[in-house]
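Engineer: I'd like to go over a predicted model; first the sequence, then the structure.
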Amino acid sequence: MQEVSIPPETLGEFELLVLLAALRLGPEEAYTVSISDDIERRTGRSVRSANVYTTLRRLSDKGLLATALSAPRPERGGKPRRLVTVTAEGLRALRNTTEAIEAMVGDLGAVIRKA
Amino acid sequence: MITPGWIQWLLRRLAGPEAAEDLLGDVEESHRQRLAGRGAWLAVVLTTIHALDLARALVARRIAPRGAPLSRLDFKLGLRMLVRYPGLTIVGALAMACGITLGASTYQIITQVVSPDLPYSEPDRIVGIQSRDTRTTGLERRLVHDFYAWRDRVESVDRLGAKYSRQLNLAVGNEVPRPTVAMAISSTAFELAPVPPLLGRPLLPADEESTAPPVTVLTYELFQGRFGGDADVLGRVVRLGGVATTVVGVMPERFELPAPSNDFIFPPEADLWIPFRLNPLDYERGEGPILEVFGELAPGRTAEDAQTELTAIGAGLASEWPDTHEFLRPEVATFAKPLGIRSGMGVANVFAVTGAFLLLAMVTLCANVALLLYARAATRQDELVIRGALGASRLRIVGQLFAESLALAATSILVGLAGATLVLRWVVGLLQKVTEREGVPMPWVSDAISPSTAVVAVALAVVGACVAGVLPGLSVTRRPAARLRGAGYTGTGGSLGRIWTFIIVLQVALTSAFVPVATFLGVHARKLQAMERGFPASQYLAATLDMDASVASSAEPGPAAASDAFLENYRDLSDALLARLSRAQQVTGVTIASRLPGQTHGPRGIEIEGADPLDAPSGQAYALVAEVDERFFEIFDATVVAGRGFLAAEVGAESGVVVVNRSFAEEFFGSEGAVGRRIRFFRDSGAVITYRSPWHQIVGVVEDLLMTVDPLATSRAGLYQPLGPDSYPIQVAAHAPGGAAGFDPELRRLTREVSPALQLHRVRPLDEASHTILLAFRSWFLVLSVIAGVAILLTNAGIYATVSFAVSRRTREIGVRVALGADRWKVMVSVLSRMVQLVALGVVGGGALGLLMAIGIAEGRWVPTPGSWWLILLYVTVMMGVCMMAVVAPARRALGIEPREALSAEA
């Protein structure tokens, strides 16, 4: 019987940014507010936390992120942070997406940077 | 937490408990950061935006998994359902189209007739000023002195102006002079309605100077009619009222200037405008022409401010002129009122009643469509319940049903608009016929569908779709769990629920009520047509005789239409005309009067000597009154049944005699006889008698001569006085046995020969006097008949659909009962009895009530006689039969159900 290959998961643009931010911040610091700040700081674009929240939920539903609650924090009115960790699936999706982008960019990097 | 409480509440409401804690923590942390970095106010604003954004995302997330409530597929399915159920589609589309026709045409008529677009940028700031007599509560209209006093003193009203109308003969070139309505008006009126003239210029303040040359501005209609639309009209000199006048401008088509009249029937339609040049020195206070005063509220001032100021000015005038102004109070009237509210005829009431009636008709139509769609939705109940169980939200299911009804409504819009066009053509044609006959044309009324009417039609279709689609949808998706447990069994009985039961009964009741009202109008239209006048009305040519107001004795300056010289001249010319008419070959007799038979006679309060108590408000009597000459009764062949008619010496003098009609004599004197008794007239203001005339002696009794054309009038008591010396204007009636219409040209020719100053208005045979009312009755009869017919058709369709639904839902039950040995007829009766009860309730309630009202209005009493009860019983029986016709087919289906098929079909 012929094997059917399941196409690898690829990420949307904003999903990619959120996952990269979550990966960089790490499991102790990655949550909605810090991810929003990180994306804003690095990309210079305004990010709505509602979009980050929705994306985190979606990625979690897809199994690309795992969540855990931190200890209660006084700056959150005593509420814990919901910290996110990139799962193995999430890493695979990141790799697939970045490899696809790199493949497409290829030797156009210099041209793109000049624009 | 320092996050505002409402944000906490909102997020907890929209998110699940776990998600709410996460979100609130994020919002709290962000809010603290903003407070530290941006300050309190900005932090609150940004946090609010943050929270609302989260709320939006939460709501979208709720809807997203179940899909949007409406999609293209829903509309596609909706159209498919329309094709699958052609009967329902046709009936439902017809009902919606009727509703759209009714609603759209009513909207356009009301906006064009009752509330036309006025050419003012801020119509609410245009006001009228009138003077009210506190003794009589009526208006004092001779305001020459008041106008100039107000203009000098008032500050809260700018551009104060006035106008009055005059009948002047207009001679263009070598044409025969023809009467026109000239409106003398202040130039400020053209500033209030800044519409550029079609040609030339409007009136200017300089034109109002007494030394300025006479000028005029034409209406578009006169420009086209008398000047042939000649673009070289500017600068032409015409003779207006005998004065050489230069045409300086032409206004655009359908242009209208302020018309604040509260008590005139309709504002007189001007043919042209001339400068306002009244000199108060020419008149005593309280004399002069009837003026209408208007202006615009000054910037920053309200109507209340203007009223306060004018009240103070009025108090000042009262102390300066106590003999004339002690009881006069200036009033500010908001000006740009709908025509109907300005009307003294109560046109607004007519339209209000019409609108209420049409609303009832639309309720019936909407109820019918809702019922049809509910019946159809109910037959799909199992499908809808299962869809809900599989995950479709209630919103989604209702959305689909709404899409189906929207598809139905979309097919009805074009038909509805076409129907509205036809209705408008008919109504506008009728309206123009009536208003032209009454001498007050309304050229601005159009039968073309306006853009706003089209928008209203679309809105009605959407509303109809909401009512007809959403209500049934909400009903069939209620309590899905209970329905799921009951799905697959037909033991539900097809019961309707309270709302739908009410809708069925309401629909049947309204339908049953329309028929008696339509019948009543039809019967009375026929009665009016057949009303016995007592003389061959088609042989009498009637006209209102007027005179150019500029024609007065050369010794008297000024245009005062009611001056002694004017009246003397008018009497002389009238006598000359009557003499010429009497000698005309086609005429066997001529008479003059204030009102002629078949015309509306105004009632006056009367007291009868020796009768008591008639000076109390509840005991006052009223009689129809007309002033006539000595030939009147003879010309109209009215037999004097007692006493005598008037003598020639009594006409034109204060004679103190009256002649009463037979109805008056019977009503007030019975068998005693009226001749020799005395009566007097009175005027009252509420409970206070403000005037009593001297006693008048009854010298004769004549047969009734149609002093009222209202077949519903409860009293026809009337009396006649000799024509007074100051009667103006008078009605002329010439008896031409060869036919009144044929004498018309001769009458006009003779009038011109006597004097070009004489003017004839409303020349028509006397049998046309009651045409307006007859036209109204006939038109209403036609409208109601059509509505009643459509309502019966739709109601029966609704009953058929509902009964079919009940039979189909109880097919298994019927099959089981018949299989167990029950009599088929008894089973059918038990299935249909509920519907029969509802129909009976509607017919008895609505039909009986409608019939009682019709009888009550017609006969003036509200307690039915035995004969009326029989009529009600007959009507109810007939209407039950008509409605039960819709039950026949489903009943036959119920009778034909075979138990084996019924049971196996369910299995």
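Structural biologist: Right, received. Where do you want to start? Residues are numbered from 1 along each chain as shown, chains lettered A, B, ... in the order given.
Engineer: and B:Phe682, that's in a strand?
Structural biologist: Yes. Using DSSP: H, G, I helix; E, B strand; the rest coil, the assignment for B:Phe682 is a strand.
Engineer: just how off-centre is the helix or strand where B:Gln759 lies within its chain?
Structural biologist: Element membership for B:Gln759 (DSSP states H and E) is strand B:758-765. On the basis of CA atoms, centre = their mean, to the nearest Å, strand B:758-765 sits 28 Å off its chain's mean C-alpha point.
Engineer: so B:Val587 sits against B:Leu581, correct?
Structural biologist: Yes. Using CB atoms under 8 Å, B:Val587 is in contact with B:Leu581, at 5.8 Å. Backbone N, C-alpha and C define where each C-beta goes, glycine included.
Engineer: can you check which residues contact both of the two?
Structural biologist: B:Ala734 (CB atoms under 8 Å, 6 or more residues apart in numbering or on different chains).
Engineer: so for the two, which residue has more residues nearby?
Structural biologist: A direct count of neighbours by other CB atoms under 10 Å in any protein chain shown for B:Val587 and B:Leu581 places B:Leu581 higher, at 25 against 20.
Engineer: next, the buried residues of the strand holding B:Gln759.
Structural biologist: B:758-760, B:763-765 (16 or more other CB atoms under 10 Å in any protein chain shown).
Engineer: again, but for stretch B:644-651
Structural biologist: B:645-646, B:650-651.
Engineer: okay, B:Leu360: pLDDT?
Structural biologist: On the pLDDT scale, B:Leu360 is placed at 72.
Engineer: repeat that for B:Val59.
Structural biologist: 82.
Engineer: with the one 3 residues further on instead?
Structural biologist: Predicted confidence (pLDDT) at B:Arg62: the value is 70.
Engineer: quick check, B:Gly416 in contact with B:Ala97.
Structural biologist: Yes. Using CB under 8 Å, B:Gly416 is in contact with B:Ala97, at 4.3 Å.
Engineer: for these two, work out which one has more neighbours and name it.
Structural biologist: B:Gly416 (28 against 25).
Engineer: need phi/psi at the more buried one.
Structural biologist: Note on B:Gly416: its backbone torsions stand at phi -60, psi -40 [degrees, to the nearest 10].
Engineer: return the residues in contact with the residue nearest to it when sequence neighbours are not counted.
Structural biologist: Counting by CB to CB, 6 or more residues apart in numbering or on different chains, B:Ile100 is the residue found nearest to B:Gly416 once chain neighbours are left out, at 2.7 Å. Counting by CB under 8 Å, 6+ apart, B:Ile100 touches B:412-413, B:415-417, B:419-420, B:457, B:460-461, B:464.
Engineer: need the pLDDT of B:Ile100.
Structural biologist: For B:Ile100, pLDDT reads 84.
Engineer: with the one 3 residues further on instead?
Structural biologist: For B:Gly103, the pLDDT comes out at 82.
Engineer: distance from the chain centre to stretch A:55-62, please.
Structural biologist: With CA atoms, centre = their mean, you get 10 Å for stretch A:55-62.
Engineer: please pull out the lowest mean pLDDT helix or strand from chain B.
Structural biologist: helix B:339-342 (a mean of 39; mean pLDDT, DSSP states H and E).
Engineer: ok so, going back, could I get the buried residues of stretch B:644-651 as JSON lines with distance to B:Ile49 and secondary structure?
Structural biologist: JSON lines is the format used below for these (distance: CB to CB, whole Å; DSSP: H, G, I helix; E, B strand; the rest coil):
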{"residue": "B:Gly645", "distance to B:Ile49": "92", "secondary structure": "coil"}
{"residue": "B:Phe646", "distance to B:Ile49": "90", "secondary structure": "coil"}
{"residue": "B:Glu650", "distance to B:Ile49": "91", "secondary structure": "helix"}
{"residue": "B:Val651", "distance to B:Ile49": "89", "secondary structure": "coil"}
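Engineer: which bits of chain A sit near chain B?
Structural biologist: Counting by CB under 8 Å from any CB of the partner chain, chain A comes close to chain B at A:31-33, A:48-51, A:53-54, A:57, A:73, A:75-82.
Engineer: ok, 10 Å please
Structural biologist: Neighbours of chain B within chain A, by CB under 10 Å from any CB of the partner chain: A:31-34, A:36-37, A:48-54, A:56-58, A:67, A:69-70, A:72-82.
Engineer: shaky segments in the stretch 301-450 of chain B?
Structural biologist: B:335-357, B:378-379, B:431-446 (pLDDT under 70).
Engineer: which stretches of it form strands?
Structural biologist: B:328-334 (DSSP state E, counting those that start in this stretch).
Engineer: which residue does the stretch 201-350 of chain B have closest to chain A?
Structural biologist: B:Gly300 (45.2 Å; CB to the nearest CB).
Engineer: doesn't that residue belong to a strand?
Structural biologist: No. Counting by three-state DSSP, B:Gly300 falls outside a strand, being coil.
Engineer: against B:Val157, how distant is it?
Structural biologist: Per CB to CB, to the nearest Å, B:Gly300 is found 12 Å from B:Val157.
Engineer: more crowded one of the two?
Structural biologist: The neighbour count for B:Gly300 versus B:Val157, taken as other CB under 10 Å, is higher for B:Val157 (26 against 7).
Engineer: identify the residues contacting the residue sitting nearest the centre point of chain A.
Structural biologist: By CA atoms, centre = their mean, the mean C-alpha position of chain A lies nearest to A:Leu19, the distance being 1.2 Å. If you count contacts by CB atoms under 10 Å, 6 or more residues apart in numbering or on different chains, A:Leu19 has them with A:11, A:30, A:35, A:55-56, A:59, A:64-65, A:84, A:86, A:90-91, A:93-94, A:97.
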